[in-house]
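Enquirer: model the structure of this input:
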Amino acid sequence: MRSFIKTSFSIALLATTSLAVSACTQSNAQEADRFAAVEIKAESLGEGIAVLFGAGGNIGVSYGPDGTVLIDDQFAPLTPKIEAAIADLGAEPVKYLINTHWHGDHSGGNENFGKAGALIMAHDHVRERMLGIQKSGRGNDPASPAEALPTVTYHDGLKLHLNGDEVSVKHMKHAHTDGDSIVFWKKANVLHMGDLYFNKVTLPFIDLNSGGNARGVLAAAEKALTIVDDDTKIIPGHGPMATKSDLVSYRDMLKSVISAVEKAQGEGKSLEAVKAMKLVAQWDTNPNAFIKGDAFVEAVYKSLEMPAHAHDADH
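Expert: Next up, the predicted model:
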């Protein structure tokens, strides 16, 4: 306490501590209430395939005679509601689970589903990051318990033949993180992009602490556009369902912003000067967005200061 002994200070300290404890208790209660109020809503995308919306990343569900496949699983407290929504689809309990990346709003339910017997799959870097403490927007995320870890990992991708469809999982290097995957159902013509694509709810989140890079986000959008057609149903990491046209607009925004920031850097402009240019004002329209204009521009600026990753190299 830096040796302060005055009674007035002690009283003030006691009052401050009490307020802090009260605020913490209130925060925990509000967090519990937030999940208690969440409703998991299902939207059918075709025979045996659906998307679940709730709190956190959008969930893809494939179900049929070979078992239920889940793409991401939101937060741990929501597992019972997610399981109930899956049952309402007429599907069996989850047999396979694929994480599009390591963030807790997409993998928070892993431990629950892992304990229930689901086989968890993800990119090598997802398991590596979940094994250790990771920096996030909330501070430091602790290492995950063993039951939450992917037990099947891959480097470039994998292919599953389940429920009458061919499911291709492809790694997109150094993008939102260093362990992102997209998932494409060939027959159903559905693409899950994880947080490589935020549709109409926020500007892109590029997790530089997790190996993310703006160049990779653009490369992932370009790659996805070679897979989809005008009839493809695109599941974004966050936001409503999207079309190829929506993804084209997203790609064009990324190209425009990256090009403008790169030009400004070439002219010697500082990060603060580039922020002042308001390069993303026309897209920064949601006052409640998770990522606002300055944060996105800063992530792009810092991405371009890093050595360019060869996206066909061994990373």
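Enquirer: contacts only, for the most centrally placed residue in the chain.
Expert: Closest residue to the average C-alpha location of the chain: D195 at 3.9 Å, with Cα atoms, centre = their mean. Shown in contact with D195 (Cβ atoms under 8 Å, 6 or more residues apart in numbering): 57, 100-101, 103, 106, 176-177, 180, 205, 237-238. From N, CA and C alone the C-beta is placed, and that goes for glycine too.
Enquirer: and if you look at N189?
Expert: The contact partners of N189, taken as Cβ under 8 Å, 6+ apart, are 46, 229, 231-233.
Enquirer: most widely separated two among those?
Expert: G46 and D229 (14.7 Å; Cβ to Cβ).
Enquirer: run through the stretch 1-150 of the chain and note the low-pLDDT ranges.
Expert: Applying pLDDT under 70 to the stretch 1-150 of the chain flags the ranges 1-32, 133-140.
Enquirer: before we move on, the earlier item: higher neighbour count, G46 and D229?
Expert: G46 (14 against 9; other Cβ atoms under 10 Å).
Enquirer: K275: how many residues sit nearby?
Expert: K275: 19 neighbours (other Cβ under 10 Å).
Enquirer: next: the one 10 residues further on.
Expert: Residues near T285, counting by other Cβ under 10 Å, number 11.
Enquirer: then the one 3 residues further on?
Expert: Residues lying near N288 (other Cβ under 10 Å) number 7.
Enquirer: quick check: it is in a helix.
Expert: No. Judged by DSSP: H, G, I helix; E, B strand; the rest coil, N288 forms no part of a helix; its state is coil.
Enquirer: got the phi and psi for it?
Expert: Here is the backbone geometry of N288 (degrees, to the nearest 10): phi -100, psi 10.
Enquirer: quick one: the helices in the chain, in order.
Expert: Along the chain, the segments classed as helices by DSSP state H run 7-37, 79-88, 104-107, 110-115, 124-131, 214-227, 244-266, 271-276, 293-305.
Enquirer: which of these is buried the deepest?
Expert: Each of those was scored by mean neighbour count; the highest is helix 104-107, a mean of 24, by mean count of other Cβ atoms under 10 Å.
Enquirer: inside strands: which ones of the contacts of N189?
Expert: Of the contacts of N189, the ones assigned to strands by DSSP state E are 46, 233.
Enquirer: between the contacts of N189, which is nearest L191?
Expert: Relative to L191, the closest of the contacts of N189 is T232; by Cβ to Cβ it sits at 5.7 Å.
Enquirer: show me what W185 bridges to in the sheet.
Expert: Residues in a beta bridge with W185, per DSSP bridges, are V167, V190.
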